[in-house]
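the following comprises the amino acid sequence and a computationally predicted model.
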Amino acid sequence: MRNLAAILAGAAISLAAPISVMAEAPGSVFSQDKLQWKAGPAELPRGAEVAMLFGDPTQGGPYILRMRAPKGYKIGAHKHGGMETMTVLSGVVRYGQGAKVDPNAEKTLAAGGFAATPAEAGHWVNFEDDTVIQVTGVGPWNITYLDPRDDPRAAQR
């Protein structure tokens, strides 16, 4: 029941907050062909690209982004300080929740598939195809890998 309340609260914030600040955020209305794709942050494995739609995940407040990743891209088991939702726009992902990757606990999500992850809940995503997802959350965004060996920042040191 607490998870449902958190999901509903997050959805209400995600839907209501942009209405109040949209006038202050130029560029919040644009067509898909105008997205500005950039390399994903250092916290994610190389190979993904991100396009910001709304807000700034490094700051407090709501944000919406799109991420595209190639077939075979994997984000190991991790958690975030805030709730996060993911909608698959194209392609296929395998999504699971738990402290470590367990293929028996994964769900296959194709275009239109949706997952809501509560704050501090372990989860992972494996991209089975070239895929685009949309991620919504309330910042500041952070990521903690549950197995430090999965953290791409460790390989950069």
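Received it, and whenever you're ready, just let me know what you need. Numbering: from 1, shown residues only.

so who does residue 105 touch?
96-98 (CB atoms under 8 Å, 6 or more residues apart in numbering). Where C-beta positions appear, they are placed from N, C-alpha and C, glycine not excepted.

what subset of those is buried?
Buried members of these, scored by 16 or more other CB atoms under 10 Å, are 96-97.

what's opposite the closest residue to residue 102 other than its chain neighbours in the beta bridge?
Nearest residue to residue 102 in three dimensions, chain neighbours excluded: residue 96, at 6.2 Å (CB to CB, 6 or more residues apart in numbering). Under DSSP bridges, the beta-bridge partners of residue 96 are residue 106, residue 124.

residue 33: what secondary structure?
Assigned with DSSP: H, G, I helix; E, B strand; the rest coil, residue 33 falls in the helix class.

neighbours around it, how many?
5 (other CB atoms under 10 Å).

again with residue 151
Look at residue 151: counted by other CB under 10 Å, it has 20 neighbours.

what of residue 34?
9.

and it, what pLDDT?
pLDDT recorded at residue 34 is 83.

for residue 31, same thing?
76.

how close does it get to residue 64?
Counting by CB to CB, to the nearest Å, the gap from residue 31 to residue 64 is 15 Å.

quick one: which of those two has more around it?
residue 64 (18 against 6).

could you give the bridge partners of the more buried one?
Beta-bridge partners, per DSSP bridges, of residue 64: residue 54, residue 136.

doesn't residue 136 make contact with it?
Yes: at 5.0 Å, residue 64 counts as touching residue 136 under the criterion of CB atoms under 8 Å.

many thanks, I have nothing further to ask.
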